[in-house]
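1. output the structure for:
(one chain, ligands or ions: 2)
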Amino acid sequence: MEGVDHLAHERNKSEFDVDAMKIVWAGSPHAFDVSDRISKLVASDPGFRKDNRSTLSRKELFKNTLRKAAYAWKTIVDLRLSEEEAAKLRFYVDEPAFTDLHWGMFIPAIKGQGTEEQQQKWLPLAYKMQIIGCYAQTELGHGSNVQGLETTATFDPQTDEFIIHSPTLTSSKWWPGGLGKVATHAIAYARLIVGGREHGVNGFIVQLRSLEDHSPLLGITVGDIGMKFGNGAYNTMDNGVLRFDHVRIPRNQMLMRVSQVTCEGKYKQSDVPRQLVYGTMVYVRQTIVADASCALSRAVCIATRYSAVRRQFGSQNGGPETQVIDYKTQQSRLFPLLASAYAFRFIGEWLKWLYADVTQRLQANDFSTLPEAHACTAGLKSLTTTATADGIEECRKLCGGHGYLCSSGLPELFAVYVPACTYEGDNTVLLLQVARFLMKTVSQLGSSKKPVGTIAYMTRVEHLMQCRCGVQRGFAELSVDLVEAAVAHCQLIVVSKFIEKLQQEIPGKGVKQQLEVLCNIYALFLLHKHQGDFLSTGCITPKHAALANDELRSLYSQVRPNAIALVDAFNYTDHYLGSILGCYDGNVYPKLYEAAWKDPLNESVVPDGYHQYIRPLLKQEIRTARL
Ligand SMILES: CCCCCCCC/C=C\CCCCCCCCCCCCCCCC(=O)SCCNC(=O)CCNC(=O)[C@H](O)C(C)(C)COP(=O)(O)OP(=O)(O)OC[C@H]1O[C@@H](n2cnc3c(N)ncnc32)[C@H](O)[C@@H]1OP(=O)(O)O
Ligand SMILES: Cc1cc2nc3c(=O)[nH]c(=O)nc-3n(C[C@H](O)[C@H](O)[C@H](O)COP(=O)(O)OP(=O)(O)OC[C@H]3O[C@@H](n4cnc5c(N)ncnc54)[C@H](O)[C@@H]3O)c2cc1C
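-> Ligands and ions are numbered 1, 2, ... in the order given. Okay, the predicted model is just below:
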């Protein structure tokens, strides 16, 4: 049945223009064109093969990633790809690598925290990958509590240098991606000490390895921290450990946009807020939100296609059994995730806009929207990554037993994705930041400072106006409730930005209607899930709750004929999906059968170890055998 589209009947059912939806998903016709072109380029190049990852040893896996990174870079240079195209290439190559931290954190840290002079010196080297950087903030003893970092950077006015030192075991840098085996340089975060006085944590550019033979420089101890969760998955990344033993760097390698140290040993603070030292994290959190919709949509695409292929029970007069996607219970688990994938796509787009806006304002010395940008990036990073990690796992279960096979693509997707709930800020710690921002806002209600943007609604909530005096008390005691409030606030942002998206003109037959259905599912599913809270606070009546439930059922029926087309709109190649269950043509069973025989364990009919362990067992010789 090779070449037959087993999902054609599903595609024929769709009631909207899929090509127009592809443009909406991509963001613009141009973005669609770039994405489509680069995804096909990657899929058709055997140099980017990825189907063997789960069977490679860590060393083979890592070397293969080094090869791919070098090959990707050569492709980028040879084809003169633009920055946008290179980023898409990275996306479709679909393998975490040291390059992510180099491009995603090292370069942005220099751009955001370096002076003009520092940028001029370091960025050209970094752009050409003549140096490879990582972001070394977290330590063995401290990750969330950045102010608690122990690494020191002590200014020595005699030599005009900083001495970077790891005074304790717990001050060892621990986790930075790319650090373990590749990075030549790091932005290392350390407590700045000048003339015996401490001035908080700051970033420093430190060379780690020789540019000639890659050996660690004097005073540097560096290595990989070991295997991580899952086969393949994030093990393509060399997360590292690093210790400094009185490593000397020139004074001008302190990133000096936020604060400066002069050669005389004078500490000066710029008039930009100190929080800009945390700016790289704001940037990356925003990219992580955009990425959540990609990971979730990928899992949803696999689960939706497979649910249309898979049949169980319900055969009438010897006819075919029921497609599992037709079961209401399957729909009630799958379609809210489909709606979430679209919702996260649009919130990612909006957050990108918000980040660009705050960046522009910062350049003009307007810092007024920084707290809101921090709260939005932190909160939405937390919300979308938690929902995506849970959603991928739900998609695995939606695929029954076959979802547990590596060839479904879902175990690796989960393993590679789930650390997003921890890195770039533990999700609970980030929600506490949102809660702090909300409580601060509530305490200022009624003052001349009017809440704007995502918190403008607060003035309309009468209950908040009444409780504004007491909010600064008992934060720790009430933190569990406050975290729930922070999630609710973030969900409100997601829903309202989805609604705003629908207020725009959206071309294409039936496209807007489909998005309206998805938006309603997203909102009503939340209402249904949290109906206890809505009922107990008197926001809705039991009648409303029942109506919402009825409406959800009706919306699921409206999505059903369009489900396959809605996941086709993601425009993912089979290479990118990396899943037999999610393949475009739905020809699942022959592919699963064939893949099983390709497993290394099936290379011989009688397994290695038969003569040593199985035969003696069967022959009852086990007690005399040497194990
Ligand atoms: C093989 C294939 C190869 C292909 C190659 C092709 C080539 C490629 C070419 C192009 C490719 C492009 C690819 C790009 C890919 C990019 C992908 C990027 C992926 C990255 C992966 C991520 C890896 C993970 C990295 C990390 O994890 S780094 C470490 C992150 N650490 C944290 O997040 C720590 C969390 N803790 C904190 O953020 C804070 O310290 C805290 C919890 C907020 C601190 O709280 P505390 O109460 O102590 O606050 P204070 O420090 O006292 O601060 C007080 C006030 O400041 C406010 N605040 C806090 N944070 C911020 C902030 N960030 N911004 C603004 N304001 C902030 C806080 O609210 C307080 O305010 P106040 O008003 O209440 O006083
Ligand atoms: C795959 C991966 C890649 C990473 N890459 C990098 C990198 O490139 N560079 C880098 O510098 N770091 C990196 N990190 C480190 C990462 O940023 C930290 O692990 C993360 O910020 C969480 O900090 P932690 O490990 O200290 O967690 P902890 O803070 O120790 O969290 C442990 C538990 O304590 C809870 N907790 C902590 N503080 C509070 C609080 N105030 N109130 C209530 N609960 C609290 C948390 O919710 C969590 O449940 C990476 C981590 C991973 C997993």
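2. check contacts around the closest residue to ligand 1 within the stretch 501-627 of the chain.
-> The nearest approach of the stretch 501-627 of the chain to ligand 1 comes at Y576, 13.2 Å away (C-beta to the nearest ligand atom). Using the backbone N, CA and C atoms, a C-beta is placed for each residue, glycine as well. Taking C-beta atoms under 8 Å, 6 or more residues apart in numbering, we find Y576 in contact with S39, V42, A43, Y92, D94, R298.
3. run the last query once more with 7 Å
-> S39, A43, Y92, D94 (C-beta atoms under 7 Å, 6 or more residues apart in numbering).
4. any idea whether the third one is helix, strand or coil?
-> Following DSSP: H, G, I helix; E, B strand; the rest coil, Y92 is assigned to helix.
5. which pLDDT value goes with it?
-> What the model reports as pLDDT for Y92 is 98.
6. go on, D78?
-> Looking at D78, its pLDDT is 98.
7. so how far is I614 from it?
-> Distance, D78 to I614, using C-beta to C-beta, to the nearest Å: 52 Å.
8. and those two? Which one has more around it.
-> Using other C-beta atoms under 10 Å as the criterion, D78 and I614 rank with I614 on top: 12 against 8.
9. which residue, other than its chain neighbours, is closest to that one?
-> Excluding the flanking residues, the one nearest I614 by C-beta to C-beta, 6 or more residues apart in numbering is P607, at 7.7 Å.
10. in a strand, T280, correct?
-> No - counting by three-state DSSP, T280 is not part of a strand but helix.
11. pretty sure it contacts A109?
-> Yes - using C-beta atoms under 7 Å, T280 makes contact with A109 at a distance of 4.4 Å.
12. now do the strands in this structure.
-> Assigned by DSSP state E, the strands in the chain fall at 133-136, 152-156, 161-165, 173-174, 185-194, 197-207, 220-224, 240-244, 247-250, 259-261, 267-269.
13. and of these, who's closest to Q514?
-> The closest of the strands of the chain to Q514 is strand 133-136. By C-beta to C-beta, the value is 40.0 Å.
14. show me what the closest one is packed up against.
-> Contact here means 3 or more C-beta pairs under 7 Å, 6 or more residues apart in numbering; DSSP states H and E; on that basis strand 133-136 packs against strand 185-194.
15. the strand it packs on to strand 220-224, inter-axis angle?
-> Strand 185-194 runs at 130 degrees relative to strand 220-224, counting by axes from the mean of the first three to the mean of the last three C-alpha atoms, to 10 degrees.
16. quick one: strands adjacent to strand 185-194?
-> With DSSP bridges as the test, strand 185-194 is paired with strand 133-136 (parallel), strand 152-156 (parallel), strand 197-207 (antiparallel).
17. burial measure for the residue nearest to I614, as a count.
-> Neighbourhood size, P607 [other C-beta under 10 Å]: 11.
18. equivalent analysis for A435, please.
-> A435, neighbours per other C-beta under 10 Å, totals 23.
19. tell me the contacts of it?
-> Shown in contact with A435 (C-beta under 7 Å, 6+ apart): L482, V483, A485, A486.
20. and which of those residues is nearest ligand 2?
-> Closest to ligand 2, out of all of the contacts of A435 and judged by C-beta to the nearest ligand atom, is V483, at 8.7 Å.
21. you'd agree L432 is up against D481?
-> No - using C-beta under 7 Å, L432 makes no contact with D481, being 11.8 Å away.
22. comparing the two, which residue is more hemmed in?
-> L432 (20 against 10).
23. quick one: that one from L438, how far?
-> 11 Å.
24. again with R460
-> Distance of R460 to L438, computed by C-beta to C-beta: 15 Å.
25. who has more neighbours, those two?
-> Neighbour totals were compared for R460 and L438, and L438 leads with 22 against 8 (other C-beta under 10 Å).
26. just to revisit the earlier point, out of the contacts of Y576, who's nearest ligand 1?
-> Using C-beta to the nearest ligand atom, the contacts of Y576 come closest to ligand 1 at D94, 8.3 Å.
27. of all the strands of the chain, which lies closest to ligand 1?
-> Of all these, strand 133-136 sits nearest to ligand 1, with 5.4 Å by C-beta to the nearest ligand atom.
28. residues contacting the residue in the chain that ligand 1 sits nearest to?
-> The nearest approach of the chain to ligand 1 comes at G104, 2.7 Å away (C-beta to the nearest ligand atom). By C-beta under 7 Å, 6+ apart, the contact list for G104 reads V284, T287.
29. what score does it have for pLDDT?
-> For G104, the model assigns a pLDDT of 98.
30. run through the helices of the stretch 351-500 of the chain in chain order.
-> Under the criterion DSSP state H, counting those that start in this stretch, the stretch 351-500 of the chain contains helices at 370-398, 410-417, 427-443, 462-466, 479-502.
31. sorry, back to before: ranking by neighbours, what's the top pick from the contacts of A435?
-> Using other C-beta under 10 Å as the neighbour criterion, A486 leads those with 27 neighbours.
32. surely it is in contact with L438?
-> Yes - between A486 and L438 there is a contact under C-beta under 7 Å: 6.5 Å.
33. so who does N235 touch?
-> Residues near N235 by C-beta under 7 Å, 6+ apart: R58, L61, M227, K228.
34. do you know the pLDDT at it?
-> Looking at N235, its pLDDT reads 96.
35. and for M1?
-> pLDDT, read off for M1, is 55.
36. again with T624
-> Looking at T624, its pLDDT reads 60.
37. now do the contacts for the closest residue to ligand 2 within the stretch 501-627 of the chain.
-> Residue of the stretch 501-627 of the chain nearest ligand 2, by C-beta to the nearest ligand atom: G578 (19.8 Å). With contact taken as C-beta under 7 Å, 6+ apart, G578 is in contact with K50, D51, G409.
38. ok, now which ones touch the second one?
-> Spelled out, that is D51. G578.
39. got a list of contacts for stretch 52-68?
-> By C-beta under 7 Å, 6+ apart, stretch 52-68 touches 48, 93, 95, 97, 227, 231-232, 235-236, 238, 406, 412, 600.
40. buried stuff in stretch 119-130?
-> The neighbour-count check on stretch 119-130 (16 or more other C-beta atoms under 10 Å) flags Q119, W122, A126, M129 as buried.
41. neighbours of T170, how many?
-> T170, neighbours per other C-beta under 10 Å, totals 14.
42. make that V559, sorry
-> Other residues within reach of V559, judged by other C-beta under 10 Å, total 19.
43. so what's it scoring on pLDDT?
-> On the pLDDT scale, V559 gets 98.
44. ligand 2 versus the nearest residue to it once chain neighbours are set aside, what's the distance?
-> Excluding the flanking residues, the one nearest V559 by C-beta to C-beta, 6+ apart is F335, at 5.1 Å. According to C-beta to the nearest ligand atom, to the nearest Å, F335 and ligand 2 sit 31 Å apart.
45. mind listing what F335 touches?
-> With C-beta under 7 Å, 6+ apart, F335 has these contacts: I521, Y556, V559.
46. could you rerun that using 8 Å?
-> So F335 contacts I521, L555, Y556, V559, A563 (C-beta under 8 Å, 6+ apart).
47. make a markdown table out of these and add distance to T385.
-> Shown next, in a markdown table, are the contacts of F335 (distance: C-beta to C-beta, whole Å):
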| residue | distance to T385 |
| --- | --- |
| I521 | 21 |
| L555 | 26 |
| Y556 | 26 |
| V559 | 25 |
| A563 | 25 |
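48. can you show me the helices along the stretch 1-150 of the chain?
-> Using DSSP H, counting those that start in this stretch, helices in the stretch 1-150 of the chain cover 8-13, 18-26, 29-43, 58-78, 83-93, 98-101, 107-113, 116-127.
49. can you count the residues close to the closest residue to H142 other than its chain neighbours?
-> Spatial nearest neighbour of H142, chain neighbours left out: G148 (4.3 Å); criterion: C-beta to C-beta, 6+ apart. Here the number of neighbours of G148 (other C-beta under 10 Å) works out to 13.
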